[in-house]
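Colleague: Structure for this input, please:
(one chain, ligands or ions: 1)
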Amino acid sequence: MSGSGDFAALLTAPDVRCVDLSPAAVDAASAKGLRVEVADIQDLPFLDGSFDVAVANWVLYHVHDRALAIAELARVLTPAGRFVGCYNAPGHLQELWSRVGGPLAADDFNADNGPGELRRSFSRVEVREARGEVLWETRERVQTYLDAYQEMYGALTAPAGPYPFRATRRNVVLVADR
Ligand SMILES: C[S@@+](CC[C@H](N)C(=O)[O-])C[C@H]1O[C@@H](n2cnc3c(N)ncnc32)[C@H](O)[C@@H]1O
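Modeller: Predicted structure coming up:
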């Protein structure tokens, strides 16, 4: 769930451990010098109470048994530990998706339903809004972004213009205390 480790590589905590289900992501994170292994968020290879903080950005909507994954994140935290995760709010990048016929439906786990699901395993959940803008300089850059969705949604074609292309980023940071 660390993906290729771009976020984890920025952390200054003394002991950062990463997992991801994808061997390719694990290889990419390992190449950044991160301590990383293949594992499923629904069955984390860590003892109870191992960590002060657990991070899972844009992961929980991929998971088959989300309640189990959330319970696992809580399990590996110390009693004063904290979960942090960045997710999307409905309407995220709508200027782009409305032009390409892609996903305008909200993610399965998002800013609206995420807090309620987290409350089943965590004592306190806070939602911090993180709005902004994404700007793509060229059509090729939008196409590269859309190509990452090919497996899920089929081929999507970047809008003809105008460029730079701007879309509103509607994100939240979910912060949950164990
Ligand atoms: C949208 S990417 C986000 C990656 C990273 N967190 C980031 O923000 O760049 C979702 C990641 O979750 C991983 N993933 C999906 N299901 C998983 C599971 N059950 N257990 C662990 N990782 C999983 C995928 O392999 C992918 O790397």
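Colleague: near the ligand, which residues of the protein show up?
Modeller: Applying C-beta under 6 Å from any ligand atom, we find that the chain lies next to the ligand at 1-3, 6-7, 20-22, 25, 40-42, 57-59, 62-63. C-beta coordinates here come from the backbone N, C-alpha and C atoms, glycine included.
Colleague: Just the buried ones among these, please.
Modeller: Among the residues of the chain next to the ligand, those scoring as buried are Met1, Ser2, Gly3, Asp20, Ala25, Asp40, Ile41, Gln42, Asn57, Trp58, Val59, Val63 (criterion: 16 or more other C-beta atoms under 10 Å).
Colleague: so who does the fourth one touch?
Modeller: Listed by C-beta atoms under 8 Å, 6 or more residues apart in numbering, the contact partners of Asp20 are Met1, Ser2, Gly3, Val26, Ala29, Val36, Val38, Ala39.
Colleague: which of those lies closest to Arg139?
Modeller: Taking C-beta to C-beta as the measure, Arg139 lies nearest Gly3 of those, at 25.2 Å.
Colleague: which residue sits closest to the closest residue to the ligand within the chain in space, ignoring its chain neighbours?
Modeller: Minimum separation of the chain from the ligand (C-beta to the nearest ligand atom) falls at Gly3, amounting to 2.7 Å. Nearest non-adjacent residue to Gly3, counting by C-beta to C-beta, 6 or more residues apart in numbering: Ala25, 5.2 Å away.
Colleague: can I assume that neighbour is in contact with Cys18?
Modeller: No. Look at Ala25 against Cys18 with C-beta atoms under 8 Å: they stay out of range, at 9.1 Å.
Colleague: So for these two, which residues contact both of them?
Modeller: Taking C-beta under 8 Å, 6+ apart as the contact rule, Ala25 and Cys18 both touch Ser2, Gly5.
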